[in-house]
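Peer 1: missing the sequence, but the structure's below:
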């Protein structure tokens, strides 16, 4: 007989990309070579200099790399993060504002645990990353969506934003910029619009800056600078320098909120991985290695973004998409090719028939039934072109 | 103006050892050399062979070590854990029963999140590790304590256990063996007593086996084997092989419960640290390295335990304690020396006046006002003796 348990956990349905990964792994075991246009994990390892340094440290007969660290992270890491934020035009903070976490996921979970009470309404732009809604709903919150459109560059529109704040008691906004899935970087105007509304209405803004340094056309604005009492920044080292599996991220927040996030984090994980903390503190303070790697990462991604955009224009000329301003994804509307098939069906078909992994738009938006998120994070430009060509072939044969 | 937040987080008061760490760090900055009898982190690094292997892997131009992994861990790790449990006489399971986690802390948080509903009563032995109560209370549960005593070797007594199950609706038992703080290893009889009660009453048992392989006199029994439908095992690689900062642990549980714990874990951290997973999979499957390291760790701890016990007998002959059967701690009752001072006051005095860090018994027990937890995990035998001598000096001068 199964014992009683907390039914709340059944709210969690599991990450859709995890389901795609499972099919992908099965196909890989069957010897199928899958073109991976589904992942947010970068195709480059972290810089060689960092790995060499770390390999040296491992040879020391000391427990330094292995010990528990303070819950909010070792002081050299927190100081390096303070420095990092200031250097890139962000807020001027102290280590007391910083809580290092076991990745962006734990940063978001701990922050929302502090912010949300059961029944609270949380505003998400639509489309947006599928990872926020399960946390919000697991914590008893309710999601309100503000639709954005390709025509207006996936920026929140002023009238719509004001209306949603009037019609709902929004406790917090959660946004990501550069965006997952659209690659949109919010404008200074959008940042100020949301910040002003949050201040006026006494709401929080949680801004996920996972792709902050991976921008191509212009810099990501700093929401925190517009609303320093209302903003919690969520950041990660998963994308730059490229260690998603190492699980290191951080939160920056008003000091009192940072202290509460730290308390929750202590219960969740006790401390973030020490190994990653030492490595990233080294990375952030070795400016030459760091800037070179950032440049290389941006060039790597820009080349692949451009290859993908060109392939879409060539093989799927009726696909509608915007060139990503940052991050790792294009979000392509394939409506005119679909003949009634929805994007979930298409994504499954692409994986089974054409060995191309993608993520359907339905995971990001109520209106995502004709769109796919296409990642250019990891495959070579040649394989990206080949992937798009195969998508076109499948669509032609519908 | 501070924004509204979820007051539930204020239940969390912060780990008491973290507060001791803070004082200790301040004193260290003042140039004071502190004898560390407070920590549960081992004084040995992981085996050199493991570090050499990892250093080699870091030099590969691949993203293998850096990628996200499946939420419950990479398959080689889960297979190695299955093998490990069977090899040491534990349950015979499949990888579907295993969820690797970001340390024992996340394993406990995720498991209790699945098990507990608000208002549920949770049985803890008394004394016990101070880390359980904050999680239980944060999740809305209530703690019921079953006192144990030095006279009966800190084993749960049958009559008391039956009575507490009659008087309360216990949803779950949480126990740790080898024990933190007393070093007690539960007997087969105790394991069976609690397992039978759990099965009879439809309760869960969460058994924290952090120090499982670090036993001196006899093996830790396997509660799971007595109650396989009711038991969740919580384990960690923090103590053996000695990488507490790397944040890798695991849960083993009935398959349906493991699947739910995995879902919660996905929301908490997405996946455990990848480099730790690769390293520990290697460690568990390289039997020679593994067994040699375990032997060394046990000899390291046994030598220090014996040094501490001898020093207590020499310098504090009226101290009452049992020789630890496993783990990293002695739990010493100093009542006859205290002259009305309680253990919190004593612990503070020891740190400030004698540069010895200890943990007061009040953190483990309602009746801990005359006891200290003394760790032999990290200092040399000489420094352990010196630490006990200094404690005796402070007590003599009260």
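Peer 2: Cool, the structure landed. These numbers come from a predicted model, not from an experiment.

Peer 1: Could you check how far the helix ranked longest in chain A is from the centre of its chain?
Peer 2: Longest helix in chain A, counting residues (DSSP state H): helix A:287-315. From the chain centre to the centre of helix A:287-315 is a distance of 17 Å (CA atoms, centre = their mean, to the nearest Å).

Peer 1: That one packs against which elements?
Peer 2: Packing partners of helix A:287-315 (3 or more CB pairs under 8 Å, 6 or more residues apart in numbering or on different chains; DSSP states H and E): helix A:274-285, strand A:329-333, helix A:381-396. Placement of C-beta: from N, CA and C, glycine included.

Peer 1: how much does the longest one deviate in direction from strand A:329-333?
Peer 2: Angular relation of helix A:381-396 and strand A:329-333 on a 0 to 180 degree scale: 20 degrees, by axes from the mean of the first three to the mean of the last three CA atoms, to 10 degrees.

Peer 1: which phi and psi does residue A:362 have?
Peer 2: Main-chain torsions, residue A:362, degrees, to the nearest 10: phi -60, psi -20.

Peer 1: residues touching it, list them.
Peer 2: Contact analysis of residue A:362 by CB atoms under 8 Å, 6 or more residues apart in numbering or on different chains lists A:342-344, A:368-369.

Peer 1: measure it to chain B for me?
Peer 2: Remark: distance between residue A:362 and chain B (CB to the nearest CB, to the nearest Å) = 19 Å.

Peer 1: Give me the neighbour count for the residue of the stretch 101-250 of chain A found nearest chain B.
Peer 2: Proximity to chain B, evaluated over the stretch 101-250 of chain A using CB to the nearest CB, is greatest for residue A:245 at 2.7 Å. Residues lying near residue A:245 (other CB atoms under 10 Å in any protein chain shown) number 26.

Peer 1: residues touching the residue nearest to residue A:252 when sequence neighbours are not counted, list them.
Peer 2: Nearest residue to residue A:252 in three dimensions, chain neighbours excluded: residue A:233, at 4.4 Å (CB to CB, 6 or more residues apart in numbering or on different chains). Contacts for residue A:233 (CB under 8 Å, 6+ apart) come out as A:90-91, A:207, A:209, A:223-224, A:251-253.

Peer 1: what pLDDT, on average, does stretch A:110-130 get?
Peer 2: What stretch A:110-130 shows for mean pLDDT is 98.

Peer 1: List the buried residues for that stretch?
Peer 2: A:110-116, A:120-130 (16 or more other CB atoms under 10 Å in any protein chain shown).

Peer 1: Show the end-to-end separation of stretch A:200-213, please.
Peer 2: For stretch A:200-213, the first and last residues are 30 Å from each other (CA to CA, to the nearest Å).

Peer 1: With stretch A:38-45 instead?
Peer 2: Rule used - CA to CA; the end-to-end distance of stretch A:38-45 is 18 Å.

Peer 1: And for it, what's in contact with it?
Peer 2: A:17, A:20-21, A:24, A:51, A:180, A:238-239, A:242, A:244-245, A:296-297, A:300-301, A:328-329, A:357-359, A:373, A:375, A:377-379, B:60-63, B:65-68.

Peer 1: From chain B, how far out is residue A:11?
Peer 2: Taking CB to the nearest CB, one finds residue A:11 at 9 Å from chain B.

Peer 1: follow-up on the earlier one: how would you label the residue of the stretch 101-250 of chain A closest to chain B: helix, strand or coil?
Peer 2: helix (DSSP: H, G, I helix; E, B strand; the rest coil).

Peer 1: How about the one 5 residues further on?
Peer 2: Following three-state DSSP, we place residue A:250 in the strand state.

Peer 1: what are the phi and psi values for the nearest residue to it once chain neighbours are set aside?
Peer 2: Closest residue to residue A:250 apart from its sequence neighbours, by CB to CB, 6+ apart: residue A:100 at 4.7 Å. Main-chain dihedrals, residue A:100, degrees, to the nearest 10: phi -70, psi 140.

Peer 1: that older thread, how far away is the residue of the stretch 101-250 of chain A closest to chain B from residue B:273?
Peer 2: For residue A:245, the distance to residue B:273 equals 7 Å [CB to CB, to the nearest Å].

Peer 1: Residue of the stretch 251-398 of chain A nearest chain B, please.
Peer 2: Counting by CB to the nearest CB, the stretch 251-398 of chain A gets nearest chain B through residue A:274, at 2.7 Å.

Peer 1: Contact partners for that residue?
Peer 2: Residue A:274 makes contacts with A:65-69, A:74, B:244-247, as judged by CB under 8 Å, 6+ apart.

Peer 1: can you check residue A:298 too?
Peer 2: Residue A:298 neighbours (CB under 8 Å, 6+ apart): A:213-216.

Peer 1: Put together TSV for those, with distance to chain B and secondary structure on each row.
Peer 2: Output for those, formatted as TSV (distance: CB to the nearest CB, whole Å; DSSP: H, G, I helix; E, B strand; the rest coil):
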residue	distance to chain B	secondary structure
A:213	17	coil
A:214	16	coil
A:215	22	strand
A:216	22	coil
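
Peer 1: Compare the residues you listed and tell me which has the most neighbours.
Peer 2: Greatest neighbour count in the contacts of residue A:298, by other CB under 10 Å, goes to residue A:214: 23 neighbours.

Peer 1: returning to that earlier point: mind checking which of the contacts of residue A:362 land in helices?
Peer 2: Per DSSP H, the contacts of residue A:362 map to helices at A:343-344.

Peer 1: So among the contacts of residue A:362, which ones count as buried?
Peer 2: Here, 16+ other CB under 10 Å leaves A:343-344, A:368-369 buried among the contacts of residue A:362.

Peer 1: what bits of chain A have low per-residue confidence?
Peer 2: The model of chain A has pLDDT under 70 over residues A:1.

Peer 1: Phi and psi next, for the closest residue to residue A:296 other than its chain neighbours.
Peer 2: Distance criterion CB to CB, 6+ apart; nearest residue to residue A:296, sequence neighbours excluded, is residue A:44 at 7.3 Å. Torsion angles at residue A:44 (phi, psi; degrees, to the nearest 10) stand at phi -110, psi 140.
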